[in-house]
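1. here's my sequence, what's the structure:
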Amino acid sequence: MKKPNIINETALLDEMKRSLKDDADFFSNNGKEAREIWVVREFLRRINLPFEDSELVSQRQDSKIDLQFRSANFQIKEITDPNIKRGDEVRAAYKKVRDAKTLEDTLGPGFVYDVPAISSAYQLVREKASGAKYNGHKAQLDLLCYVTRTRASKISADEVQLPELTALGWRSISCLIGDQATVLCIGHDAPLFLIEAAKNQIFT
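-> Have a look, this model is predicted:
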């Protein structure tokens, strides 16, 4: 009888532990800054704007600004599935794998999710922009929504209603969903790179 490849199993288990620890750190409270940098970095790449990572500057936790990039004052909001507790789930998965002695120990029931109804990313962003706080500061903030909601459709040009978005008071409103980055609303004093991105964007 062929013996199991203990070396490969141990190496795979060690890799799983390293990977899940990185995930647990990323989705922890202490990982908020790293998550925000990642969102802005992906957004800038998707609008084809060259930049240096050193230009992405996180702000203090008590600041209305999450991250500054050049003249942009990004306030970042993730739109997730309802009732998701991703941080708790990632920590639980990491603990299970961390304590495992064999690959078999990592097996077991997973988390059960309610599948949300099909939704429009545009409507989700509009609701988030309407409900967000920061009254009195919105005119100096650039809202960037990152949509991770399951079964959310990408934004189409005919959905965007500029008057209703402008009335919400933000200096600009943008969205990142999957591989689509869109600038939905810009004020006259919005950062130039966002104004240019809005002029040149093609909805896909």
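2. could you look up the SS state of residue 101?
-> Recorded secondary structure, residue 101: coil (DSSP: H, G, I helix; E, B strand; the rest coil).
3. how about residue 77?
-> Under the three-state scheme (three-state DSSP), residue 77 adopts strand.
4. what's across from it in the sheet?
-> Beta-bridge partners of residue 77, counted by DSSP bridges, are residue 145.
5. how about the contacts made by it?
-> 128, 132, 143-146 (CB atoms under 8 Å, 6 or more residues apart in numbering). Where you see a C-beta, it was placed from the backbone N, CA and C, and this is true even at glycine.
6. from those, which one has the minimum pLDDT?
-> When the contacts of residue 77 are compared on pLDDT, residue 132 comes out lowest, with 72.
7. surely residue 57 is in a strand?
-> Yes - the assignment for residue 57 by three-state DSSP puts it in a strand.
8. what about it, how many residues nearby?
-> 11 (other CB atoms under 10 Å).
9. list the contacts of it.
-> 67-69.
10. how about residue 153?
-> With CB under 8 Å, 6+ apart, residue 153 has these contacts: 118-121.
11. can you say which of the residues you listed are buried?
-> By neighbour count, with 16 or more other CB atoms under 10 Å, the contacts of residue 153 hold 119, 121 as buried.
12. need the contacts of residue 153 in CSV with distance to residue 189, can you?
-> Output for the contacts of residue 153, formatted as CSV (distance: CB to CB, whole Å):
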residue, distance to residue 189
118, 36
119, 32
120, 29
121, 26
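13. distance to residue 47, secondary structure and pLDDT added to the contacts of residue 153, as JSON lines?
-> Formatted as JSON lines, the contacts of residue 153 follow (distance: CB to CB, whole Å; DSSP: H, G, I helix; E, B strand; the rest coil; pLDDT from 0 to 100):
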{"residue": "118", "distance to residue 47": "26", "secondary structure": "coil", "pLDDT": "84"}
{"residue": "119", "distance to residue 47": "24", "secondary structure": "strand", "pLDDT": "91"}
{"residue": "120", "distance to residue 47": "21", "secondary structure": "strand", "pLDDT": "94"}
{"residue": "121", "distance to residue 47": "16", "secondary structure": "helix", "pLDDT": "95"}
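14. where in the chain is pLDDT low?
-> Scanning the chain for pLDDT under 70 picks out 1-7, 17, 19-29, 31, 85-94, 96-97, 103, 105-115, 204.
15. got the residue ranges for the helices in it?
-> 6-26, 32-46, 86-98, 121-131, 162-166, 192-200 (DSSP state H).
16. give me the residue at the spatial middle of the chain.
-> residue 146 (4.2 Å; CA atoms, centre = their mean).
17. who are the contact partners of that residue?
-> With CB under 8 Å, 6+ apart, residue 146 has these contacts: 39, 76-79, 175-177.
18. can you do 7 Å?
-> By CB atoms under 7 Å, 6 or more residues apart in numbering, the residues touching residue 146 are 39, 76, 78-79, 176.
19. how near is the closest residue to residue 58 other than its chain neighbours to residue 66?
-> Distances taken as CB to CB, 6 or more residues apart in numbering put residue 33 closest to residue 58, at 4.6 Å, once the chain neighbours are dropped. Separation of residue 33 from residue 66 (CB to CB, to the nearest Å) stands at 9 Å.
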